[in-house]
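S.K.: how would this look folded up:
(4 chains)
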Protein chains: 2
Amino acid sequence: MSSRVANSDSQPKRVRKSPEARRAEIVANSAAIALAEGLECITMRRVADELAVRPGLISHYFPVAEDLVAEAFGVAATAELDELLPDTTGQPLVRLARFLALTKGARYDDVSRLWLNARHLSRFRPALRERVARQEGCWRERLTAVIREGVEAGVFRTEDPLATAVQILVVLDGLGAHVNTRRDGHPSAVADLAVTTAERELGLTPGALTIP
Amino acid sequence: MSSRVANSDSQPKRVRKSPEARRAEIVANSAAIALAEGLECITMRRVADELAVRPGLISHYFPVAEDLVAEAFGVAATAELDELLPDTTGQPLVRLARFLALTKGARYDDVSRLWLNARHLSRFRPALRERVARQEGCWRERLTAVIREGVEAGVFRTEDPLATAVQILVVLDGLGAHVNTRRDGHPSAVADLAVTTAERELGLTPGALTIP
DNA sequence: TTGTCTATTGGTCGCACATCCAATAGCGTG
DNA sequence: CACGCTATTGGATGTGCGACCAATAGACAA
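M.R.: Residues are numbered from 1 along each chain as shown, chains lettered A, B, ... in the order given. The predicted structure follows:
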């Protein structure tokens, strides 16, 4: 079975890794927990269990727990952004359309939960608040860049790409806020709110951002 | 000073109230905590301290803590709705304008925090989730009613008052989501997003919903 | 092979929480 | 005034958490 730990749950055969590798392992696992179960589930004991390691080791790498939570959020959010709206080249219109389409998928619910989680927890955790603010900047800039490209290419039309990006993100946040309470999805007039907003603010014809 | 408790913090002079009065007192205090500090601060000990009572008494009225949290949220949210968008008669346009104006005030930040808090916590607390869903319904219906009135009076123009109400609420949720991370307010193009959306969806001229 | 460095262990400590319960003391009734 | 009902106390129990630290044992160099 496993190649690293004790083969028959008896001898705790200690495994020694480089600080960088161990630290990365801890953060990666914490990010997974954050996305799947919530930031408050990132606990010294919990992470230690999943890595088959003692809790003290986690607090050795992250002496104060809040820092691990903040780091985990940052890594998870960055990874999701890179998947939803990659920083590669390509036609702005199809990139934006793809992004908006993905935000309607079930997979995006976890992302909505993560942001909701982080935004609320920011109220009590300064380190996390700082990371959330930074990530907001990343998402905003990534989207603004796509819009600006489109404007320069002549396919989008807006006076202020940044303001337009923020508007779209606000709508997405509003839709995502209901992720924990909605039983069946919103009526399509509401579910399509982000697309509708984008098309209107970018001077596109209705349906232009819908993937066929 | 106080007329109820021990005068010089020495004798715990026991005070006996009717179950209804005590229960109401507990809920009211919990609602205040929810609004000012967050739902996770509603704790048996915390509420008991504020009421100069023993923790066991709180858990006597609310054997399971989650139920108190849910109740507190419901009461707080209802009270805020009644203040922001009273169920009285009046011109739909001025009522809506007043509501939207209030959502931009600093006072509304606490309401945003409360909803953000409740929406996230709903993920883990079924009883709270149920209350949040119910409150969503209340807010939606209250706003829909105003819009419908306006449509019948000929001052608003929309095909689906409910869908329009939900759109406005989604935008408000999106704006409120940033309450814990924004340092300075959004640029006005963003801060006015709710007003802009309402004016557009209700067939009003820009500025029609802005209070002079 | 031996020695050294340090990643990792295996605990401990204190705190805050929900939950439960027998004993107590207000307060209205007789 | 005495009595009984019950609101309220005071304490106990168990859980999970972050933080802290001396002792241990991998792994690499000499």
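S.K.: Return the distance of the worst-scoring helix or strand of chain A on mean pLDDT from the chain's centre.
M.R.: Every helix and strand of chain A was ranked by mean pLDDT, DSSP states H and E. The lowest is helix A:188-191, at a mean of 87. Relative to its chain's centre, helix A:188-191 lies at 23 Å (C-alpha atoms, centre = their mean, to the nearest Å).
S.K.: can I get the CA coordinates of that helix in PDB?
M.R.: What follows is helix A:188-191, C-alpha atoms only, in PDB (Å, rounded to 0.1, in the frame of the first residue of the first chain):
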ATOM      1  CA  SER A 188     -32.000  31.700 -15.200                       C
ATOM      2  CA  ALA A 189     -32.600  35.400 -15.200                       C
ATOM      3  CA  VAL A 190     -30.600  35.500 -12.000                       C
ATOM      4  CA  ALA A 191     -28.100  32.800 -12.800                       C
END
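S.K.: which element follows that helix toward the C-terminus?
M.R.: helix A:193-201 (DSSP states H and E).
S.K.: okay, the angle between that next one and helix B:193-201?
M.R.: Helix A:193-201 runs at 70 degrees relative to helix B:193-201, counting by axes from the mean of the first three to the mean of the last three C-alpha atoms, to 10 degrees.
S.K.: which bits of chain A sit near DNA strand D?
M.R.: A:13-16, A:42-46, A:55-56, A:59-60, A:63-66 (C-beta under 7 Å from any atom of the strand). Heads up, the C-betas are built off the backbone N, CA and C, glycines and all.
S.K.: Could you rerun that using 10 Å?
M.R.: Within chain A, the positions near DNA strand D by C-beta under 10 Å from any atom of the strand are A:4, A:11-18, A:40-49, A:54-60, A:62-69.
S.K.: of those, list those near DNA strand C.
M.R.: A:11-18, A:44-45, A:48, A:54-60.
S.K.: pLDDT weak spots in chain A?
M.R.: For chain A, the stretches with pLDDT under 70 are A:1-12.
S.K.: Following the chain past the longest helix along it, name the next helix or strand.
M.R.: Looking across chain A with DSSP state H, the single longest helix is helix A:126-153. Moving toward the C-terminus from helix A:126-153, the next helix or strand (DSSP H and E) is helix A:161-176.
S.K.: How about the contacts made by the most centrally placed residue in chain A?
M.R.: Residue closest to the average C-alpha location in chain A (C-alpha atoms, centre = their mean): residue A:77, at 2.9 Å. With contact set as C-beta atoms under 8 Å, 6 or more residues apart in numbering or on different chains, residue A:77 has these partners: A:114-115, A:118, A:135, A:138-139.
S.K.: Report how many residues lie close to the residue of chain A at minimum distance from chain B.
M.R.: Evaluated by C-beta to the nearest C-beta, chain A has residue A:174 as its residue closest to chain B, separated by 3.0 Å. Residue A:174 has 26 neighbours, counted by other C-beta atoms under 10 Å in any protein chain shown.
S.K.: any idea which of the contacts of residue A:77 has the most stuff around it?
M.R.: residue A:118 (29 neighbours).
S.K.: Next step: the ones next to DNA strand C among the residues of chain A next to DNA strand D restricted to helices.
M.R.: Those of those lying in helices (DSSP H): A:44-45, A:48, A:55-60.
S.K.: Quick check on those: which are buried?
M.R.: Buried members of those, scored by 16 or more other C-beta atoms under 10 Å in any protein chain shown, are A:44, A:48, A:58.
S.K.: Residue A:24: neighbouring residues, count only.
M.R.: 13.
S.K.: Please identify the helix or strand for it.
M.R.: Going by DSSP H and E, residue A:24 is part of helix A:19-37.
S.K.: just checking, what packs against that helix?
M.R.: helix A:44-50, helix A:55-61, helix A:65-84, helix A:107-121 (3 or more C-beta pairs under 8 Å, 6 or more residues apart in numbering or on different chains; DSSP states H and E).
S.K.: Report the separation between residue A:44 and residue A:71.
M.R.: Counting by C-beta to C-beta, to the nearest Å, the gap between residue A:44 and residue A:71 amounts to 14 Å.
S.K.: Kindly apply the preceding question to residue A:56 instead.
M.R.: 19 Å.
S.K.: and if you look at residue A:33?
M.R.: In this view, residue A:33 and residue A:71 are 12 Å apart by C-beta to C-beta.
S.K.: Please list the residues of chain A that sit near DNA strand C.
M.R.: Residues of chain A lying near DNA strand C (C-beta under 10 Å from any atom of the strand): A:5, A:11-23, A:25-26, A:44-45, A:48, A:51-61.
S.K.: are any of these buried, and which?
M.R.: Going by neighbour count (16+ other C-beta under 10 Å), these have A:22-23, A:25-26, A:44, A:48, A:51, A:53, A:58 buried.
S.K.: CA atoms only for stretch A:41-59 - export them in PDB, please.
M.R.: C-alpha atoms of stretch A:41-59 as PDB (Å, rounded to 0.1, in the frame of the first residue of the first chain):
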ATOM      1  CA  CYS A  41     -11.200  22.800   9.600                       C
ATOM      2  CA  ILE A  42      -7.500  23.700   9.200                       C
ATOM      3  CA  THR A  43      -6.300  22.700  12.600                       C
ATOM      4  CA  MET A  44      -2.900  21.500  13.800                       C
ATOM      5  CA  ARG A  45      -4.300  18.100  14.700                       C
ATOM      6  CA  ARG A  46      -6.300  17.700  11.600                       C
ATOM      7  CA  VAL A  47      -3.500  18.500   9.200                       C
ATOM      8  CA  ALA A  48      -1.100  16.400  11.200                       C
ATOM      9  CA  ASP A  49      -3.400  13.400  11.000                       C
ATOM     10  CA  GLU A  50      -3.700  13.700   7.200                       C
ATOM     11  CA  LEU A  51       0.100  13.800   6.800                       C
ATOM     12  CA  ALA A  52       0.600  11.000   9.300                       C
ATOM     13  CA  VAL A  53       2.700  13.300  11.500                       C
ATOM     14  CA  ARG A  54       2.500  14.700  15.000                       C
ATOM     15  CA  PRO A  55       0.600  18.000  15.600                       C
ATOM     16  CA  GLY A  56       3.800  19.600  17.100                       C
ATOM     17  CA  LEU A  57       5.400  19.400  13.700                       C
ATOM     18  CA  ILE A  58       2.800  21.600  12.100                       C
ATOM     19  CA  SER A  59       3.100  24.200  14.800                       C
END
